[in-house]
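Visitor: build the 3D model from these lines:
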Amino acid sequence: MYTTKKLPSTNMAPGSLRVPEGAVCPTVLQAIRYTPETCEEQEFASVAEAVAWQAGKGVLWLNINGLGNADFLLGMNTELGFHPLALEDTLSVPQRPKADEYEGHLCAVVRMFHYDGKLEREQLSILLGENVLVTIQEREGDCLDTVRHRLREGSGQVRSRPAGYLLYALLDAVVDSYFPLLEEAGERIEDLQELAMLDASETTLGCIHQMRRDLLELRRAVWPLRDALGALLRSESAFFADETRVYLRDCYDHAVQVLDITETYRELAGSLMDIYLSSLSNRMNEVMKVLTIIATIFIPLTFIAGIYGMNFENMPELHWAWGYPAVWGLMLVTTAVMVVYFRRKGWLGGNSPSKKGEPPSRQR
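Guide: Modelled structure (predicted):
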């Protein structure tokens, strides 16, 4: 994940391209050219070669992995004529998910996530032109293999539709990839609920904070994505046919569903802190109860020892042969009586006090 500043640079002109800090992945261009009958794939060293390979036949999907070569993107701008502000958004990592329409093309920015013990974020930029679609990723690996499979196998409607339908298919794949993450998040919340009740430790507290941060990260990605999909759905762009808008509306509904689940899980994650604090308080109460019981048991023993520790001459027990054993016996009997009493009250972990006339089997 890149560590670029979220605020844009103030000493650069609008539309200037700046390689993100930490972008060490080499730039690789993968091209897919497809028609209703065929689908071909090839890698190229430049966008100019890929555009010449298309030669006006079918739809061209250019997938660029790696943001370490700004000159490569400048060459794409020369060949395809994308707006400099659109290209600037592709290099502004992390960028807020959005969809902007320019003259002759459209730019959409979304976020992909991967969870493997830690939530990893990756920005996906999509540039749509006439019969050309460009996806720009930070590194290799994405959630778009389902779309590639449909193109290769000729299943579905992707190959028989224009480039606008391909944009919908990619956005739909990104939105659908959130559902497994939310399922994983739901299982983690259930585990944390049990852990917070059984083990109120600093490790548990750290897991709870991490869970809340992950859900906040998902919310920051899904909320603007829902707005972007709504803007595309309401727009009158010529890139989307009426048939495509029907599917785009379904993608919007999925985004709303993802957002609703995310908000629900955020509320549950917020309640985890209450469970943790309650468990921590109960644990402290148990410790204080044990210490109080011990102190209470020693109060009468201290009283007895204090009486016979006084320096009076006329104390008959001091000259009695069985005085010492008798005092010990009195202390042990007092301790036993108090322990039995505390156990009957349920203060030593025994049965809870039962109501008069209620059978023990009905105690809860």
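Visitor: buried ones in stretch 243-260, by neighbour count?
Guide: 244-245, 247-248, 251-252, 254-255, 257-259 (16 or more other Cβ atoms under 10 Å). C-beta: built from backbone N, CA, C; applies to glycine.
Visitor: which residue is most remote from the mean position of this structure?
Guide: Here the chain reaches farthest from its C-alpha mean at residue 314, the gap being 78.3 Å by Cα atoms, centre = their mean.
Visitor: the buried residues of stretch 243-260 in helices, which ones?
Guide: Within the buried residues of stretch 243-260, residues falling in helices by DSSP state H are 244-245, 247-248, 251-252, 254-255, 257-259.
Visitor: same list, those residues, but as TSV with pLDDT and distance to residue 31 please.
Guide: As requested, these are arranged in TSV below (pLDDT from 0 to 100; distance: Cβ to Cβ, whole Å):
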residue	pLDDT	distance to residue 31
244	87	23
245	89	28
247	91	25
248	91	25
251	93	25
252	93	29
254	94	29
255	94	29
257	95	34
258	94	31
259	94	34
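Visitor: give me the number of residues near residue 119?
Guide: Under the neighbour criterion other Cβ atoms under 10 Å, residue 119 is assigned a count of 19.
Visitor: residue 210 too?
Guide: The number of residues packed near residue 210 is 15, by other Cβ under 10 Å.
Visitor: what are the buried residues along the helix or strand containing it?
Guide: For residue 210, the host element (DSSP states H and E) is helix 202-234. Neighbour-count burial for helix 202-234, counted by 16+ other Cβ under 10 Å, picks out 204-205, 207-208, 211-212, 214-215, 217-226, 228-232.
Visitor: and stretch 36-50, by the same measure?
Guide: For stretch 36-50, using 16+ other Cβ under 10 Å, the buried residues are 39, 44, 47, 50.
Visitor: what of stretch 331-338?
Guide: Those would be 334, 338, for stretch 331-338 by 16+ other Cβ under 10 Å.
Visitor: do a quick rundown of the helices in the stretch 101-250 of the chain.
Guide: Assigned by DSSP state H, counting those that start in this stretch, the helices in the stretch 101-250 of the chain fall at 145-153, 163-198, 202-234, 242-307.
Visitor: report the two of the buried residues of stretch 36-50 separated the most.
Guide: Farthest pair in those (Cβ to Cβ) is 39 and 47. Separation: 19.9 Å.
Visitor: residue 89 contacts residue 99, doesn't it?
Guide: No - look at residue 89 against residue 99 with Cβ atoms under 8 Å: they stay out of range, at 10.6 Å.
Visitor: pull up the overlap in contacts between those two.
Guide: Common neighbours of residue 89 and residue 99 (criterion: Cβ atoms under 8 Å, 6 or more residues apart in numbering): 107, 109.
Visitor: so of the buried residues of stretch 36-50, which ones are in strands?
Guide: If you go by DSSP state E, the buried residues of stretch 36-50 have 39, 44 in strands.
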